[in-house]
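Trainee: The following block contains a protein sequence and its predicted model.
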Amino acid sequence: MQPNHDAVPRARHSFEVTMEDGANIRVRQHGDPGAPRIVLSHGNGLAIDGYLPFWGPLCARYEVVLFDFRNHGHNPLHREDAHLWTHFVTDMETVFIAIQRELGVKRTVGAFHSLSGVTAAMHARLYGKRFEAIVLFDPPMFPPDGHRLRGNQADDKNSLAGRARRRTERYADPSILAAQFRKYNPRWRPEAYELMARATLRHDTRAGDWILACPRELEANVFSTNADSTLWNAMGSLPVPLKLICGDPDLIGAMPPALIGRELAREHNLPYESIPGTTHFLQIEKPEDCTRAMESFLTQYDLAPL
């Protein structure tokens, strides 16, 4: 049983896609099938249903297609030894092809946060232009040797990995996890706490409680292995238009991804916008501002609704 908060709308259509190694990913279609198509996914250890404050309003004007990464959200658990960045990239290709086959060939935008944003950049480098444009929200790219931000990001990813390994695995009720999210993320939209808690837990019918949908060791391993510094220099020559939309780098206590986004934009002359007063979770802190920043870019390529 996969929990689904009452506020999350029922998908217009859903289908399962089998990856090359047998992992299954469930794809959901929302919104208007005749409108421009936008595909969205999430950050490490999270799930796209928790981003409803961002993607929910898009359904009135877009065909919104959602998927969780393997071992996250709606998807069943697969082999732990296959929970790797290389598989995330091939998974994105398999999912993209399946969307075009199942829902029809259409110009498609990708809007990806954190883990999925880094993966989208890797995917474009390996497979070329699949999406017509990609919008990357606060992607934690790993700086190359000698870069002034390399130490910051190395420390941060290792700290996040350590915290992930210490996460509580089971909860008597999702409201307990929601309270933890509320304590540590005071800038989130009020409805996001319960949404994200339910999206990132699955009900264990045998035990009668709730368990992390993405096991904490898998979440930790993704943080610790996010270290492909070759992607940094490739960002200026990816074969797809992209925009970086990031947290506020001038916020007191700003995390490395916000600093990284600003630096990437400066070094590679990339379209970039930071959302004032936001952290790494900008899409569920100021969703309207994130949408405005995204659409100001998409309109340049006739990819936003008129």
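Mentor: Thanks, I have it.
Trainee: Quickly note the distance from residue 115 to residue 99.
Mentor: 19 Å (CB to CB, to the nearest Å). C-betas here are computed from N, CA, C, even on glycine.
Trainee: swap that for residue 291, please
Mentor: In terms of CB to CB, residue 291 sits 21 Å off from residue 99.
Trainee: More neighbours: which of these two?
Mentor: residue 99 (22 against 19; other CB atoms under 10 Å).
Trainee: list the buried ones in the longest strand anywhere in the chain?
Mentor: Ordering each strand of the chain by length in residues (DSSP state E) puts strand 24-31 first. By neighbour count with 16 or more other CB atoms under 10 Å, strand 24-31 contains the buried residues 25, 26, 27, 28, 29, 30, 31.
Trainee: which of the residues you listed lies closest to residue 65?
Mentor: residue 29 (5.5 Å; CB to CB).
Trainee: Tell me who's in contact with the closest one.
Mentor: Applying CB atoms under 8 Å, 6 or more residues apart in numbering, one finds that residue 29 lies in contact with 11, 12, 13, 14, 63, 64, 65, 103.
Trainee: hmm, which two among these are most spread apart?
Mentor: Top of the distance list for the contacts of residue 29 (CB to CB): 14 and 63, 13.7 Å.
Trainee: Between the two, point out the one with more neighbours.
Mentor: residue 63 (23 against 15).
Trainee: so who does the residue nearest to that one when sequence neighbours are not counted touch?
Mentor: With CB to CB, 6 or more residues apart in numbering as the criterion, residue 63 has its nearest non-adjacent residue at 4.4 Å, and that residue is residue 37. Residues counted as contacts of residue 37 (CB under 8 Å, 6+ apart) are 62, 63, 65, 103, 106, 107, 108, 109.
Trainee: again with residue 169
Mentor: Residue 169 sits in contact with 211, 212, 215, 216, where contact means CB under 8 Å, 6+ apart.
Trainee: Which of those residues fall within helices?
Mentor: Per DSSP state H, helices hold the following members of these: residue 216.
Trainee: By neighbours, which of the contacts of residue 169 wins?
Mentor: residue 212 (20 neighbours).
Trainee: No more questions from me, cheers.
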